[in-house]
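**Student:** Let's see this in three dimensions:
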Amino acid sequence: MISLDGHILEASGGHETWVFQIRFRTHDALSAFQQVCFDGGIPIDIRRIYNPTKPDAGPWYGLTAPQRETLMYAVEMGYYSLPRQISTQEIADEFDISDQAASERLRRAIDTLVSNTLLLTASDE
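**Tutor:** Numbers count the residues shown, from 1 in each chain. Model (predicted):
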């Protein structure tokens, strides 16, 4: 599991049976793990494969490149720190957009990010 960059999220069990929730970065890594178990005579039963984002969300959880860049910059520069270390006007200046556009871009980015990650996880519980 470690060589395939798998991570145990939860584990419970007893003398004969264990149940694991394991996260792999790719389906190929999961398939390789399943093959290693099969080759080693370790019986496994995969009950569910879960993708914590919408399948069509893409590599950035549905964020556009400008949303991603702006959100990352805002976080890195301390926009979400208490107290704030940068204003939306300073963020806007960095991307040559208006203060209003920077604020809306951040708001849309957070909405998209939460919708494609946390809300999906919460609805699955």
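**Student:** roughly how far apart are Ala74 and Asp99?
**Tutor:** Using C-beta to C-beta, to the nearest Å, Ala74 is found at 13 Å from Asp99. (Each C-beta comes from the backbone N, C-alpha and C, glycine too.)
**Student:** Between the two, point out the one with more neighbours.
**Tutor:** Neighbours per residue (other C-beta atoms under 10 Å) separate Ala74 from Asp99, with Ala74 holding more: 22 against 14.
**Student:** so which helix or strand takes in that one?
**Tutor:** Element membership for Ala74 (DSSP states H and E) is helix 65-76.
**Student:** In that helix, which of the residues would be classed as buried?
**Tutor:** 67-71, 73-74 (16 or more other C-beta atoms under 10 Å).
**Student:** Can you add pLDDT and give the residues you listed back as CSV?
**Tutor:** Compiled in CSV, the buried residues of helix 65-76 are given as follows (pLDDT from 0 to 100):
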residue, pLDDT
Gln67, 95
Arg68, 93
Glu69, 96
Thr70, 97
Leu71, 96
Tyr73, 97
Ala74, 97
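**Student:** and which of these is nearest Ile44?
**Tutor:** Arg68 (36.3 Å; C-beta to C-beta).
**Student:** What residues does that closest one make contact with?
**Tutor:** 60, 109 (C-beta atoms under 8 Å, 6 or more residues apart in numbering).
**Student:** so where is the chain shaky, pLDDT-wise?
**Tutor:** The chain contains residues with pLDDT under 70 at 50-59, 120-125.
**Student:** got the CA coordinates for the longest helix along it in PDB?
**Tutor:** Longest helix in the chain, counting residues (DSSP state H): helix 99-115. The C-alpha trace of helix 99-115 is given here as PDB (Å, rounded to 0.1, in the frame of the first residue of the first chain):
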ATOM      1  CA  ASP A  99     -11.700  45.200  -6.600                       C
ATOM      2  CA  GLN A 100     -15.300  44.000  -7.300                       C
ATOM      3  CA  ALA A 101     -14.000  41.400  -9.900                       C
ATOM      4  CA  ALA A 102     -11.400  40.100  -7.400                       C
ATOM      5  CA  SER A 103     -14.100  39.700  -4.700                       C
ATOM      6  CA  GLU A 104     -16.500  38.000  -7.000                       C
ATOM      7  CA  ARG A 105     -13.800  35.700  -8.300                       C
ATOM      8  CA  LEU A 106     -12.900  34.600  -4.800                       C
ATOM      9  CA  ARG A 107     -16.500  34.100  -3.900                       C
ATOM     10  CA  ARG A 108     -17.100  32.000  -7.000                       C
ATOM     11  CA  ALA A 109     -13.900  30.000  -6.400                       C
ATOM     12  CA  ILE A 110     -14.900  29.100  -2.800                       C
ATOM     13  CA  ASP A 111     -18.400  28.200  -3.900                       C
ATOM     14  CA  THR A 112     -17.100  25.900  -6.600                       C
ATOM     15  CA  LEU A 113     -14.500  24.400  -4.400                       C
ATOM     16  CA  VAL A 114     -16.900  23.600  -1.600                       C
ATOM     17  CA  SER A 115     -19.600  22.400  -4.000                       C
END
